[in-house]
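1. Generate a structure from the sequence data that follows.
(chains A and B)
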Number of protein chains: 2
Amino acid sequence: MEKKPLILVSNDDGITAPGIHTLVKVMKRIGEVVVVAPDGPQSGMGHAITIGNTLRLDRSLAFSDVESYECSGTPADCVKLAKHHVLRDRKPDLVVSGINHGSNSSISVLYSGTMSAAIEAAIEGLPAIGFSLCDYGHDIDFSHTEEYVELITRQALEFGIPAGVALNVNFPKKSEQEIAGIKVCRQARAKWEEEFDERLDPRGRSYFWLTGNFVNFDKGDDTDEAALAQNYVSVVPCQFDMTANHVISVLNNDWNLNPNAKPTIGSKSKEGAEAEG
Amino acid sequence: MEKKPLILVSNDDGITAPGIHTLVKVMKRIGEVVVVAPDGPQSGMGHAITIGNTLRLDRSLAFSDVESYECSGTPADCVKLAKHHVLRDRKPDLVVSGINHGSNSSISVLYSGTMSAAIEAAIEGLPAIGFSLCDYGHDIDFSHTEEYVELITRQALEFGIPAGVALNVNFPKKSEQEIAGIKVCRQARAKWEEEFDERLDPRGRSYFWLTGNFVNFDKGDDTDEAALAQNYVSVVPCQFDMTANHVISVLNNDWNLNPNAKPTIGSKSKEGAEAEG
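-> As a prediction, the model looks like this:
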């Protein structure tokens, strides 16, 4: 019998969230599972790591039949602790994160704790997938995601994910229609249009809740947003090189960063600015 | 007289850190300055935002002659609150973040609170620069950065930064040698090789400190690491589209994500895996 692949599971909603329990259920069909997940919600943590504070890591009772640990840190901390402590003598064949309660499509990939776990794994040289369901409800139905999670995971193990890449997989909310299929996409150009809900506390001092609406500026039909709108599962391959390569020549040609070998302050600025400087 | 540009200043080391005071000092030579910065250290916060908790925003006494606010949230929160609340009737001409106490070159851009403020500004459609000094000492000398901060800022205001791009500027630690100049670079392929320092608390329960060494795998001479090693100021243009575009065709060609219109689980997996499924 073939050796079962070793699959590390994490998330950002915490080890008791229904999403990670769905993910573990599917992963158990495929391989040997180890869970290292936050001990509480870590949504919106982006790629945060814990450097000014200590970390706790304890065996968890969240899963009766799976080796699992809960960690006081962020999703990125969980992956680091899993790789360098829990699994220091073994190498996972795949890291999966989620299933997130809520969308991580488009620009949300930057704020996402779910995807930070997957991207941290990619930085560590491990193939990784983050799964998210575009549903913010309290009693989310994950059942329609299971066969797709299994299909994508099996294909990742069979065909591999290119080095340095993590997949950002988003599922449409369960609807009357069946899921139309899977589309490989690019990240849509979109943003959250913030509003701050300012309130007064019982002592009369103001505080804010962050709220906002998602705005998609991208009319392309090859984006994750377009795929999700058409009831497809979106798969965006993500990398951690943030260089805007096309801008390097712009800065070298249009700017004047080294006027002489040594910079002369204000040498190319307008007279008004110079007078103020 | 020309209207002074409006410059929003933030950071991740908190509003009392010497680095942001150096940055404000330089920005006051160039424009009108408004500061919205964290009320305490937020290093390593990556692109975290505060969604499960409330935010405070108060006028700050950290700067005697500059309109300044301290915020209980992350650097990304600060920029959001600045744009949508403090400056809701005005548009900054530039957002600057830093000067960070420590390097944000290469892969550190992902973990960096300093750069998350700059990248959040870029998402908001504002030109932005993050400045960092590769020095982790307690009494950092920022004096050698000032003329370069001023030069780069004036050029950004004069020539503009392409939409959706934030500059990641890193300064070498002050050394005997003079700074060699400024180089526009790409992000080096590197990672932090973590080690966890496990200790026992007074009650005998274990806890961890994250430590680690920076490892540069990248031998290219066009990277930020190479520039810094040669005593240059590195400038990496950063974007927030994380799509690994070159992998889209790999997944479409090599994987089999839509075997029929509807996926057939395990249809292409090996027999062993199928038997286990």
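2. Need phi/psi at the most centrally placed residue in chain A.
-> Nearest to the mean C-alpha position of chain A, by Cα atoms, centre = their mean, lies residue A:115 at 1.3 Å. Phi and psi for residue A:115, reported as degrees, to the nearest 10, are phi -70, psi -30.
3. Could you check how far it is from residue A:74?
-> Here residue A:115 is placed at a distance of 12 Å from residue A:74 (Cβ to Cβ, to the nearest Å). From N, CA and C alone the C-beta is placed, and that goes for glycine too.
4. Residue A:53 too?
-> According to Cβ to Cβ, residue A:53 stands 11 Å off from residue A:74.
5. What of residue A:237?
-> Noted for residue A:237: a distance of 23 Å to residue A:74, by Cβ to Cβ.
6. What number of neighbouring residues does residue A:54 come out with?
-> Residue A:54 has 15 neighbouring residues, counting by other Cβ atoms under 10 Å in any protein chain shown.
7. How about it, nearest residue that isn't a chain neighbour?
-> Of all residues not flanking residue A:54 in the chain, residue B:207 sits nearest, at 4.4 Å (Cβ to Cβ, 6 or more residues apart in numbering or on different chains).
8. Look at residue A:230 and say how many residues are nearby.
-> 14.
9. From what I see, residue A:42 and residue A:111 are in contact.
-> No. Counting by Cβ atoms under 8 Å, residue A:42 stays clear of residue A:111, with 11.5 Å between them.
10. okay, those two: which has more neighbours?
-> Shown here are residue A:42 and residue A:111; by other Cβ under 10 Å, residue A:42 has more neighbours (29 against 23).
11. Which residues are in contact with that one?
-> Residue A:42 is in contact with A:12, A:13, A:14, A:74, A:75, A:113, counting by Cβ atoms under 8 Å, 6 or more residues apart in numbering or on different chains.
12. for residue A:128, same thing?
-> Shown in contact with residue A:128 (Cβ under 8 Å, 6+ apart): A:94, A:95, A:96, A:97, A:117, A:118, A:119, A:121, A:122, A:161, A:166, A:167.
13. Following the chain onward from the helix or strand encompassing residue A:183, which element is next?
-> Of the helices and strands defined by DSSP states H and E, residue A:183 is found in strand A:181-184. Scanning forward in sequence from strand A:181-184 by DSSP H and E, the next helix or strand is strand A:190-200.
14. Can that following strand be said to contact chain B?
-> Yes. Against chain B, strand A:190-200 shows contacts by Cβ under 8 Å from any Cβ of the partner chain at A:191, A:194, A:195, A:196, A:198.
15. Turn the residues you listed into TSV, columns for neighbour count.
-> TSV is the format used below for the residues of strand A:190-200 next to chain B (neighbours: other Cβ atoms under 10 Å in any protein chain shown):
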residue	neighbour count
A:191	19
A:194	18
A:195	15
A:196	19
A:198	12
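16. Check the residues you listed and tell me the two furthest apart.
-> A:191 and A:198 (21.4 Å; Cβ to Cβ).
17. what about the closest residue to residue A:162 other than its chain neighbours, helix or strand, and which?
-> In this structure, residue A:162 finds its nearest non-sequential neighbour in residue B:247, 5.3 Å apart by Cβ to Cβ, 6+ apart. Assigned by DSSP H and E, residue B:247 belongs to helix B:245-254.
18. So which elements touch that helix?
-> Where contact means 3 or more Cβ pairs under 8 Å, 6 or more residues apart in numbering or on different chains; DSSP states H and E, helix B:245-254 is packed against strand A:181-184, strand A:232-239.
19. tell me which residues in stretch A:116-133 are buried?
-> Buried positions in stretch A:116-133, judged by neighbour count with 16 or more other Cβ atoms under 10 Å in any protein chain shown: A:116-124, A:126-133.
20. neighbours around residue A:227, how many?
-> So residue A:227, with other Cβ under 10 Å, has 25 neighbours.
21. so it sits right up against residue A:185, yeah?
-> Yes. With contact taken as Cβ under 8 Å, residue A:227 and residue A:185 are classed as touching, separated by 5.1 Å.
22. so what's in contact with those two at the same time?
-> With Cβ under 8 Å, 6+ apart, residue A:227 and residue A:185 have common neighbours residue A:234.
23. Now do the helix holding residue B:247, average pLDDT.
-> Taken as a whole, helix B:245-254 has a mean pLDDT of 95.
24. could I get it in PDB with only the CA atoms?
-> Coordinates of the C-alpha atoms in helix B:245-254 are reproduced here as PDB (Å, rounded to 0.1, in the frame of the first residue of the first chain):
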ATOM      1  CA  ASN B 245       0.400  34.800 -13.600                       C
ATOM      2  CA  HIS B 246       2.900  32.300 -15.000                       C
ATOM      3  CA  VAL B 247       1.200  29.500 -13.100                       C
ATOM      4  CA  ILE B 248      -2.300  30.100 -14.500                       C
ATOM      5  CA  SER B 249      -1.400  28.200 -17.800                       C
ATOM      6  CA  VAL B 250       0.400  25.500 -15.800                       C
ATOM      7  CA  LEU B 251      -2.800  24.700 -13.900                       C
ATOM      8  CA  ASN B 252      -5.000  24.900 -16.900                       C
ATOM      9  CA  ASN B 253      -2.700  22.600 -19.000                       C
ATOM     10  CA  ASP B 254      -1.300  20.200 -16.500                       C
END
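25. tell me which residues of that helix are tucked away?
-> For helix B:245-254, burial by neighbour count (16+ other Cβ under 10 Å) applies to B:247, B:248, B:250, B:251.
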